[in-house]
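Chemist: Got a sequence here, can you model it:
(2 chains)
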Amino acid sequence: MSVLTSNILVPHGREEAWRFTPLNRLKGLHDGSAAIATHRSLSLKSASVPGVTFERVSRELLPSLGTTDDAIMNRVREFSSDVAVLKIAANSELSEPIHLNRESFDLSSAEYSRVLIHVGSNARATIIASNTGDTLLAEDIEFKVESGASLTFVTLQEWDSQTVHVAKHHAIVDKDAIFKSITVTIGGSVVRLLPTVEFTGPGADAQLLGVYFATTGQFFEHRIFVDHCVPQAKSRVNYKGALSGDKAHTVWIGDVFIRANAEGTDTYELNRNLLLTDGARADSVPNLEIETGEIVGAGHASTTGRFDDEQLFYLMSRGISIEDARRLVVRGFFSEIISEIPDTDVQVRLMERIDTELVKVGA
Amino acid sequence: MSTLEIRNLQVSVDTENGAVEILKGVDLTIKSGETHAIMGPNGSGKSTLAYSIAGHPKYTITGGSVTLDGADVLDMSVDERAKAGLFLAMQYPVEVPGVSVSNFLRTAATALRGEAPKLRTWVSEVKEAMDALSIDPSFAQRNVNEGFSGGEKKRHEIMQLELLKPKIAILDETDSGLDVDALKIVSQGVNRAKDANNLGVLLITHYTRILRYIKPDFVHVFANGKVVEEGGPELADKLEAQGYAEYVGS
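Modeler: Reported below is the predicted structural model:
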């Protein structure tokens, strides 16, 4: 599939999908002015495992599974010459996580990267994708989770301070399949992620979990869309964010659409934000659109608050310093999600990074 | 030997209608090894006294002093008060989501002892404290106070009392919400802490029931923000028989 450049409208910031994003900090990703990088930063770290293949396929052979009206994603589809394809064969039961590493230190040109992750019927797998370095990246990941399969996808944005990372993570989840994502965003200058889910069979289940921690000047946006376009599918969204320092800004949009034919839908989405200091801003917009009343349940909740004085008092009354008390509370806040990551080394690494960020801003 | 001295303590709390005076000049002296019961009707300011001594930010000290062995407690931050040797067992212990009991206890012990306890001795120390209070070992992995029953919360408070070894402990309605069996277990914990560390105890209660298990040396009747009568254990028997009507009526 090719996309004509003339068909890509450059966002100006007034569009609903772009109204929070600081376009002037995207370093030309949105208007195509960034130089196009030739490197491919994504690699498979794990040793080869039966049933798992990783290869690059010419884009002509692999048209995108879905369409998008996102300008940057259309540029990815136009500019990337090949697609990184990770395949997990049907009926494979992987006992160990597959590690995908993306590392790049290039701020002079932008990498446009297409990725396809295909999980065959009744296969079970965990993929942990680590993103490190300082770079410009526009990334379009598509997941095809075939019937009865179960995929846990952990994506770690552990970038250095200047990275601009814009991505769409689109999962197509078939009958009785489970797609669970754990999205962690703790590094970068601007990170804008679009985790989206489309169900293609009844009994499909999506769990979208996430944590983000923005400190001084960082902008992290998570714009979720779950399309309940089939009956009897289930979705759960739970994102938790902390913000600390001047002009730390996070955006969480949770759009859930229950179409007229999606009877028996069961959905709940939740976003909690913890403001650790003054000067930070958390936007949180849950949005539920329902076209049928024949559902199991649909709800959402969003809270944004400060440290709970009672929690800090309790901890301090046991001799714990204010700094350690705050650290414990923040770690505790995040642990609900981070403890879901099926790799204790990663859990420890993330908690240490969170501690480091806390110390940096003196929260 | 430690002494907690409370002199003419006056405390107010901010409300929508301005500051309201709760404590109206409290005088108390608690020494190591002594057990003082403070008894009084609801709303008399007993809990305010407990939280003010511990340094809760909600309360404003408007007059008087609190010293521990001469050091100005009111000038200390909340954690400094704990490090000085004060402990408050709370009536409503606070849930701290995502923080395990074992992590919390170790962090507190490290702060109070000035160094991380050696892992091997610490594990057996915690196990012993849990066993003594009939606390299930799985408790250590649960989040602090989250989903605890009323009795579990109180046992968790007393377990901290035994592990953290303060000089003076304030027990704020530790007996509330406990059945007789749990009350006995918790009281035994307090008595062990007294024996082991020559602990001074300020026991705040509404009922005389707990005094059957934790014997007070002094009883103070608290009403309308101050101590209105003081005596020995016999005063508790009088309260048991006559209630607080004499002190709160006009």
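Chemist: hey, let's count contacts and neighbours off CA atoms from now on
Modeler: Will do.
Chemist: Relative to A:G210, how far out is A:A280?
Modeler: From A:A280 over to A:G210 the distance is 19 Å, taken as CA to CA, to the nearest Å.
Chemist: for A:M73, that is, sorry about that
Modeler: Counting by CA to CA, the gap from A:M73 to A:G210 is 22 Å.
Chemist: top helix in chain B by residue count?
Modeler: In chain B, taking DSSP state H as the definition, the longest helix is helix B:180-197.
Chemist: contacts for the following helix or strand past that one?
Modeler: Next in sequence after helix B:180-197, counting helices and strands by DSSP states H and E, comes strand B:200-205. With CA atoms under 8 Å, 6 or more residues apart in numbering or on different chains as the test, strand B:200-205 has contacts from B:30-40, B:46-47, B:167-175, B:194.
Chemist: rerun that using 6 Å as the cut-off
Modeler: Strand B:200-205 has contacts (CA atoms under 6 Å, 6 or more residues apart in numbering or on different chains) with B:31-39, B:168-173.
Chemist: which stretch of helix or strand covers the closest residue to chain B within the stretch 1-150 of chain A?
Modeler: Nearest to chain B in the stretch 1-150 of chain A, going by CA to the nearest CA, is A:I128, at a distance of 23.0 Å. Counting by DSSP H and E, the element that carries A:I128 is strand A:124-145.
Chemist: then that strand to PDB, C-alphas only?
Modeler: The C-alpha trace of strand A:124-145 is given here as PDB (Å, rounded to 0.1, in the frame of the first residue of the first chain):
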ATOM      1  CA  ARG A 124       0.800 -17.900  24.300                       C
ATOM      2  CA  ALA A 125       3.600 -15.400  24.500                       C
ATOM      3  CA  THR A 126       5.000 -12.400  26.400                       C
ATOM      4  CA  ILE A 127       7.000  -9.700  24.500                       C
ATOM      5  CA  ILE A 128       9.000  -7.100  26.400                       C
ATOM      6  CA  ALA A 129      10.000  -4.200  24.100                       C
ATOM      7  CA  SER A 130      12.700  -1.900  25.600                       C
ATOM      8  CA  ASN A 131      13.200   1.600  24.100                       C
ATOM      9  CA  THR A 132      16.400   3.300  25.100                       C
ATOM     10  CA  GLY A 133      18.700   6.100  23.800                       C
ATOM     11  CA  ASP A 134      18.100   9.600  22.500                       C
ATOM     12  CA  THR A 135      16.400   9.700  19.200                       C
ATOM     13  CA  LEU A 136      13.500  10.700  16.900                       C
ATOM     14  CA  LEU A 137      11.100   7.900  16.300                       C
ATOM     15  CA  ALA A 138       7.800   7.400  14.500                       C
ATOM     16  CA  GLU A 139       6.600   3.900  15.000                       C
ATOM     17  CA  ASP A 140       3.600   2.000  13.800                       C
ATOM     18  CA  ILE A 141       3.100  -1.400  15.500                       C
ATOM     19  CA  GLU A 142       0.300  -3.700  14.500                       C
ATOM     20  CA  PHE A 143      -0.600  -6.800  16.500                       C
ATOM     21  CA  LYS A 144      -2.600  -9.600  15.100                       C
ATOM     22  CA  VAL A 145      -3.700 -11.900  17.900                       C
END
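Chemist: Give the rounded mean pLDDT of it.
Modeler: Mean pLDDT, computed over strand A:124-145, is 98.
Chemist: what does chain A have sitting close to chain B?
Modeler: Proximity of chain A to chain B (CA under 6 Å from any CA of the partner chain) is limited to residues A:316-321, A:332-333, A:335.
Chemist: Span of stretch A:290-302 from start to end?
Modeler: The first residue of stretch A:290-302 is 18 Å away from its last residue (CA to CA).
Chemist: whoops, stretch B:229-248 was the one
Modeler: 12 Å.
Chemist: List the contacts of that stretch.
Modeler: With CA under 6 Å, 6+ apart, stretch B:229-248 has contacts from B:218-221.
Chemist: mind checking how far the closest residue to chain B within chain A is from B:N143?
Modeler: Relative to chain B, the nearest point of chain A is A:G332 (3.6 Å; CA to the nearest CA). In this view, A:G332 and B:N143 are 9 Å apart by CA to CA.
Chemist: okay, and the common contacts of these two?
Modeler: Counting by CA under 6 Å, 6+ apart, the contacts common to A:G332 and B:N143 are B:97-99.
Chemist: quick one: low-confidence parts of chain B?
Modeler: Where chain B drops to pLDDT under 70, the residues are B:249-250.
Chemist: which residues of it fall in strands?
Modeler: Remark: strands assigned in chain B by DSSP state E are B:3-15, B:18-31, B:35-39, B:59-68, B:71-72, B:86-89, B:96-100, B:143-144, B:168-172, B:200-205, B:218-223, B:226-231.
Chemist: of the shared contacts of A:G332 and B:N143, closest to A:T303?
Modeler: A:T303 lies nearest to B:P97 out of the shared contacts of A:G332 and B:N143, by CA to CA, at 15.5 Å.
Chemist: tally of neighbours for the closest one?
Modeler: 22 (other CA atoms under 10 Å in any protein chain shown).
Chemist: One more: B:E229?
Modeler: B:E229 has 12 nearby residues by other CA under 10 Å.
Chemist: cool, A:F219 as well?
Modeler: Counted with other CA under 10 Å, residues neighbouring A:F219 total 26.
Chemist: How about the one 4 residues further on?
Modeler: Close neighbours of A:R223, defined as other CA under 10 Å, add up to 20.
Chemist: Which residue does chain B have closest to chain A?
Modeler: Closest point on chain B to chain A, by CA to the nearest CA, is B:G98, at 3.6 Å.
Chemist: Would you agree that residue is in contact with A:F334?
Modeler: No - B:G98 is beyond contact range of A:F334, at 7.5 Å (criterion: CA atoms under 6 Å).
Chemist: Please say which of these two ends up with more neighbours.
Modeler: Using other CA under 10 Å, the more surrounded residue of B:G98 and A:F334 is A:F334, with 24 against 21.
Chemist: For the more buried one, which three-state class applies?
Modeler: With DSSP: H, G, I helix; E, B strand; the rest coil as the basis, A:F334 sits in helix.
Chemist: which residues in the stretch 201-350 of chain A form helices?
Modeler: A:309-316, A:322-338, A:344-361 (DSSP state H, counting those that start in this stretch).
Chemist: Any of the contacts of strand B:200-205 buried? List them.
Modeler: B:31-39, B:168-173 (16 or more other CA atoms under 10 Å in any protein chain shown).
Chemist: just curious, which of these is nearest to A:G13?
Modeler: Nearest to A:G13 among these, with distances taken as CA to CA, is B:D172, at 56.5 Å.
Chemist: With B:V78 as the reference, measure out to that closest one.
Modeler: For B:D172, the distance to B:V78 - CA to CA - is 17 Å.
Chemist: what's around residue 228, how many residues?
Modeler: Just so you know, I chose chain A. 28.
Chemist: that's the wrong chain, I wanted chain B
Modeler: By other CA under 10 Å, 14 other residues sit near B:V228.
Chemist: can you pull the contacts of it?
Modeler: B:221-222.
Chemist: Skipping adjacent residues, who's closest to the most centrally placed residue in chain A in space?
Modeler: Note on chain A: the residue nearest the mean C-alpha position is A:T183, at 4.3 Å, using CA atoms, centre = their mean. Nearest residue to A:T183 in three dimensions, chain neighbours excluded: A:G210, at 4.4 Å (CA to CA, 6 or more residues apart in numbering or on different chains).
Chemist: Model confidence score at the residue nearest to A:N122 when sequence neighbours are not counted, please.
Modeler: Of all residues beyond its chain neighbours, the one nearest A:N122 is A:A149 (4.0 Å), with distances taken as CA to CA, 6+ apart. According to the prediction, A:A149 has pLDDT 98.
Chemist: Test my guess that A:A149 contacts A:H118.
Modeler: No - applying CA under 6 Å as the test, A:A149 and A:H118 come out as separate, 10.2 Å apart.
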